[in-house]
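S.K.: Sequence and predicted structure below; questions after.
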Amino acid sequence: MVSTRVGASRASAGPPARNSSPRAGILLDRDGTIIADHGYVGSVDRVEFIEGSPEAIASFNRANIPVAVVTNQAGVARGMYGIDDVARVHSYVQDQLAEYGARIDLFVYCPYHPEGVVEAFARASEDRKPAPGMAKAAAAALNLDLTASWVVGDRPEDIGLAAAVGASAVYVGPAGHERPGVWSFPNLAAAAPFILERIAV
């Protein structure tokens, strides 16, 4: 697992003051939630924001809610791109979000996969969603109460992550998601007002 604060000087939501109480946050999947899932997005030329996602993130920022990206990046283990490529994509995403007055407070990603071809990353990991490792790392870095937080994503692994840490789950995607206790919206822009009405800050 790798975590980075890209543009941390702009991240007013974190880190929190010492001894402050844990707070609710939002854990966002990346591909298929913030940017289009073109399959193993490992270069900036493949980054395409889903309509309304930057504005949705900006609305969370204005509410002073910490926002973390938690993303499986098996392309590293599969040799399709490297750690530096992921960092460049995240830096580019952060720069583009800034044009909308938006930011991500923390990027956390898992480069591991048991079927990988790059020896250093070819293994199972508790950080790979739906396992809870990345959410726990985000909670430690941003002082989050995961049981008061929200996980938003477009795959079963995201819903599984929410269940693993006791967070509320939102599925985003055109097909919808039929599962008790999971709210479903076509995209992050549609989900944001719903989350904002219910999250405790």
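M.R.: That came through fine.

S.K.: The spatially closest residue to residue 49 that is not a sequence neighbour: what's it in contact with?
M.R.: The shortest distance from residue 49 to any non-neighbouring residue, by Cβ to Cβ, 6 or more residues apart in numbering, is to residue 35 (5.6 Å). Yep, even glycine has a C-beta here, placed from its N, CA and C like the rest. By Cβ atoms under 8 Å, 6 or more residues apart in numbering, the contact set of residue 35 is 41, 47, 48, 49, 50, 53, 93.

S.K.: try 10 Å this time
M.R.: If you count contacts by Cβ atoms under 10 Å, 6 or more residues apart in numbering, residue 35 has them with 41, 46, 47, 48, 49, 50, 53, 54, 89, 92, 93, 96.

S.K.: What's opposite it in the beta bridge?
M.R.: On the basis of DSSP bridges, residue 35 is bridged to residue 31, residue 49.

S.K.: tell me which of the contacts of residue 35 is nearest to residue 154?
M.R.: Proximity of the contacts of residue 35 to residue 154 (Cβ to Cβ) peaks at residue 50, which lies at 9.5 Å.

S.K.: was I right about that closest one contacting residue 191?
M.R.: No - with contact defined as Cβ atoms under 10 Å, residue 50 does not reach residue 191; the gap is 11.5 Å.

S.K.: what touches both of these two?
M.R.: Counting by Cβ under 10 Å, 6+ apart, the shared contacts of residue 50 and residue 191 are 33, 56, 172.

S.K.: Throw together a PyMOL command that grabs the buried residues out of those residues.
M.R.: To isolate the buried subset of the shared contacts of residue 50 and residue 191 in PyMOL, counting by 16 or more other Cβ atoms under 10 Å, use the following:
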select buried, resi 33+56+172
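
S.K.: now the helix ranked longest in the chain: how far from the chain's centre is it?
M.R.: Longest helix in the chain by number of residues, with DSSP state H as the criterion: helix 83-98. Remark: helix 83-98 is offset 13 Å from the chain centroid, using Cα atoms, centre = their mean, to the nearest Å.

S.K.: All set, thanks.
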